[in-house]
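>>> Fold the following.
(one chain, ligands or ions: 2)
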Amino acid sequence: SSKWARVVAILKEFEEKCGTPTSKLMQVADAMTVEMHAGLASEGGSKLKMLISYVDNLPTGDEEGVFYALDLGGTNFRVLRVQLGGKDGGIVDQEFSEVSIPPHLMVGTSDALFDYIAAELAKFVAQEGQKFHLPPGRQRELGFTFSFPVMQTSISSGTLIRWTKGFSIDDTVGQDVVAELAEAMERQGVDMQVSALVNDTIGTLAGGRYSNKDVLIAVIMGTGTNAAYVERAQAIPKWHGPPPKSGEMVINMEWGNFRSSHLPLTEYDHALDAESLNPSEQIFEKLTSGMYLGEIVRKVLCKLAEEAALFGDIVPPKLRTSFILRTPDMSAMHHDTSSDLRVVGKKLKDILEISNTSLKTRRVVVELCNIVATRGARLAAAGILGVLKKMGRDTLRDGETQKTVIAMDGGLYEHYTEYRKCLENTLNELLGEEVSQSIVFEHSNDGSGIGAALLAASHSKYL
Ligand code: ADP
Ligand code: MG
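Numbers count the residues shown, from 1 in each chain. Ligands and ions are numbered 1, 2, ... in the order given. Okay, the predicted model is just below:
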């Protein structure tokens, strides 16, 4: 029928516009490398901020004592404490608690957000048991994982550049987020020193390195996306501080803000961006990360309903609600292996109030999820290739068998299997069989929190 011809035509056009052939991915990777150089050359030299983390030494395994971490990155925040065993002792004990951020606090005032966090921290500290040993007379210390772009001024201070991922609190921008937290802790009666301020990518890199010395890159695919890696201090022209003893500095790329004319943007992406809290920012993030993938699918479904009557003569009203289709639901539909695609049917009914969908319609939905996830995952892989190129690890030097381990974390990577497989396969495809043997993906489960605690330990005021 003409309806199906129209559906197929819209889908096909979308698929073409989302195309990520190898040649395009190579251009994206090269553009990423170029922007990395520019961002390292001068402040404001690129859309990539290439932020200096003040971490010039990653954990060694010698860290010892009880340390706290607080991880604020998106929808949830976590508090944790670890007892570190010192040389070869590893992590003796760890406990955590996770709380979701009430949405009104994401767009309220700085004090309200930080008071909420500090109050949760106070409750958690009150539950510290016998397994954790704080030497008498010592103040507790904390690593603060804060996963938004921050201009660091030292290992334990930094000002917020801007919010991302649905947060929008004007009075925090330009403030030292450690001071904001410290003041809230004082108001809430928490006696603790913030010894390290890190991004989740830096935390993941640190946590990954603690368990595997070949970890050189960390990539987060969660609500948003970002990457960090170990750079030679010599290769950072904009660094005017004292040269680090190690000769290295960890860089927080803030790659979510990457953009390039080579990125395959469609009308749906332009609309999503225009309607977002941060128009024309975080374009790479809007193509690849968990906050947005489901919303892109919804937008195309809406078009299919409007212009090809995919769900009948009227457009299902729920389909017009922004962000109603979340990426975990998209992922569940994409992974539906039942012969009648009953998970897809159920999701359409429960979330969008569209009942009695035909198998043919459900297949369209799965195909759409596949197109959106594939584009995102392949672009993420191209981003990683760009980092490997910058590090000179995209080729094998004669006779060398250097390993490069990439610590991966984030809910999207962890739970969206098709996305993860596509990302990993694409990187292997781009690197070729031989080189890809030297690149290892490692899931660093909650490395970012533990990493922050480890960095608090290695920057302890008692050392
Ligand atoms: P954050 O990025 O907020 O610190 P996470 O790393 O836990 O937190 O990532 C959470 C994000 O991961 C969610 O916003 C969602 O987009 C994505 N996600 C979580 N579960 C799934 C799932 N089952 N399938 C696909 N994506 C998921
Ligand atoms: Mg996180």
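
>>> Please report the distance of the closest residue to residue 131 other than its chain neighbours from residue 45.
Once flanking residues are discounted, residue 131 sits nearest to residue 93: 4.6 Å by Cβ to Cβ, 6 or more residues apart in numbering. Backbone N, C-alpha and C define where each C-beta goes, glycine included. Using Cβ to Cβ, to the nearest Å, residue 93 is found at 44 Å from residue 45.

>>> What residues does the stretch 301-450 of the chain have near ligand 1?
Residues of the stretch 301-450 of the chain lying close to ligand 1 (Cβ under 6 Å from any ligand atom) are 327-328, 331, 410-412, 415-416.

>>> before we move on, back to that, which residues does the residue nearest to residue 131 form a beta bridge with?
Beta-bridge pairing for residue 93 (DSSP bridges): residue 83.

>>> ok so, going back, buried subset of the residues of the stretch 301-450 of the chain next to ligand 1 as a ChimeraX selection?
Restricted to buried positions by 16 or more other Cβ atoms under 10 Å, the ChimeraX selection for these reads:
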select :327,331,410,411,412,415,416
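
>>> Let's see which of the residues of the stretch 301-450 of the chain next to ligand 1 end up in helices.
Cross-referencing these against helices under DSSP state H gives 327-328, 331, 411-412, 415.

>>> okay if I get those as JSON lines plus pLDDT and distance to residue 370?
Formatted as JSON lines, these follow (pLDDT from 0 to 100; distance: Cβ to Cβ, whole Å):
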{"residue": "327", "pLDDT": "98", "distance to residue 370": "14"}
{"residue": "328", "pLDDT": "98", "distance to residue 370": "16"}
{"residue": "331", "pLDDT": "98", "distance to residue 370": "11"}
{"residue": "411", "pLDDT": "95", "distance to residue 370": "19"}
{"residue": "412", "pLDDT": "98", "distance to residue 370": "15"}
{"residue": "415", "pLDDT": "98", "distance to residue 370": "16"}
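
>>> Quick check: chain neighbours aside, which residue is closest to residue 107?
Nearest one to residue 107, counting by Cβ to Cβ, 6+ apart, is residue 168 at 5.0 Å.

>>> Count the neighbours of the one you found for me.
Using other Cβ atoms under 10 Å, residue 168 is surrounded by 15 other residues.

>>> C-terminal to the helix or strand harbouring residue 435, what's the next element?
Assignment of secondary structure by DSSP states H and E places residue 435 within helix 433-436. Using DSSP H and E, the helix or strand that follows helix 433-436 in sequence is strand 439-443.

>>> elements contacting that following strand?
strand 404-409, helix 417-431 (3 or more Cβ pairs under 8 Å, 6 or more residues apart in numbering; DSSP states H and E).

>>> Report the strands that pair with that strand, each with its relative direction.
By DSSP bridges, strand 439-443 pairs with strand 404-409 (parallel).

>>> residues making contact with the partner strand?
200, 204-205, 207-209, 212, 214-222, 384, 388, 391, 393, 438-448 (Cβ atoms under 8 Å, 6 or more residues apart in numbering).

>>> Would you mind naming what in the stretch 51-200 of the chain lies close to ligand 2?
Listed as neighbours of ligand 2 in the stretch 51-200 of the chain under the rule Cβ under 5 Å from the ion: 73, 200.

>>> now the helices for the stretch 51-200 of the chain?
Using DSSP state H, counting those that start in this stretch, the helices of the stretch 51-200 of the chain run over 103-106, 110-126, 177-187, 200-211.

>>> Throw those into CSV and include mean neighbour count, thanks.
What follows is the helices of the stretch 51-200 of the chain, written out as CSV (neighbours: other Cβ atoms under 10 Å):
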stretch, mean neighbour count
helix 103-106, 13
helix 110-126, 18
helix 177-187, 19
helix 200-211, 30
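
>>> The residue of the stretch 351-463 of the chain found nearest ligand 1 - nearest residue in space that isn't next to it in sequence?
For the stretch 351-463 of the chain, the residue closest to ligand 1 is residue 411, as judged by Cβ to the nearest ligand atom, at 2.4 Å. Leaving out its chain neighbours, the residue that sits closest to residue 411 by Cβ to Cβ, 6+ apart is residue 222, at 4.8 Å.

>>> neighbours of residue 247, just the number please.
Per other Cβ under 10 Å, the neighbour tally for residue 247 reads 10.

>>> one step back: from the contacts of strand 404-409, list the buried ones, please.
With neighbours counted using 16+ other Cβ under 10 Å, the contacts of strand 404-409 contain these buried positions: 200, 204-205, 207-209, 215-222, 384, 388, 391, 393, 438-439, 441-442, 444, 446-448.

>>> Centre of the chain to the helix holding residue 435, how far?
26 Å (Cα atoms, centre = their mean, to the nearest Å).

>>> what does that helix contact?
394-396, 427-428.

>>> same deal with stretch 18-37?
With contacts defined as Cβ under 8 Å, 6+ apart, stretch 18-37 is touched by 46-48, 50, 253, 255, 258, 260, 262-264, 266, 371-372, 374-375, 378-379, 381-383, 385-387, 389-390, 426, 429-430.

>>> While we're on residue 211, how confident is the model there?
pLDDT, the model's per-residue confidence, is 92 for residue 211.

>>> My guess is residue 318 contacts residue 349. True?
No. Look at residue 318 against residue 349 with Cβ atoms under 8 Å: they stay out of range, at 10.5 Å.

>>> ok, the residue in the stretch 201-350 of the chain positioned nearest to ligand 2 - contacts?
For the stretch 201-350 of the chain, the residue closest to ligand 2 is residue 222, as judged by Cβ to the ion, at 5.0 Å. Contacts for residue 222 (Cβ under 8 Å, 6+ apart) come out as 73-74, 200, 289-290, 409-413.

>>> Pick out the lowest-pLDDT one from those residues.
Within the contacts of residue 222, pLDDT is lowest for residue 74, at 77.

>>> Can you tell me the SS state at the residue lying closest to that residue once chain neighbours are set aside?
Nearest residue to residue 74 in three dimensions, chain neighbours excluded: residue 223, at 3.5 Å (Cβ to Cβ, 6+ apart). For residue 223, the assignment made with DSSP: H, G, I helix; E, B strand; the rest coil gives coil.

>>> burial measure for residue 223, as a count.
22.

>>> I figured it hits residue 75, correct?
Yes. Contact status for residue 223 versus residue 75: in contact at 6.0 Å, counting by Cβ under 8 Å.

>>> Next one: the residue nearest to residue 74 relative to ligand 1, how far apart?
With distances taken as Cβ to the nearest ligand atom, to the nearest Å, residue 223 is found 4 Å from ligand 1.

>>> Use 200 as the first number for this chain going forward.
OK, 200 is where the count begins now, so the last one is residue 422.

>>> In contact with that residue, which residues?
272-274, 364-365, 488-490, 609-610.

>>> The helices and strands packed on strand 638-642: which one's closest to residue 382?
The closest of the helices and strands packed on strand 638-642 to residue 382 is strand 603-608. By Cβ to Cβ, the value is 29.5 Å.
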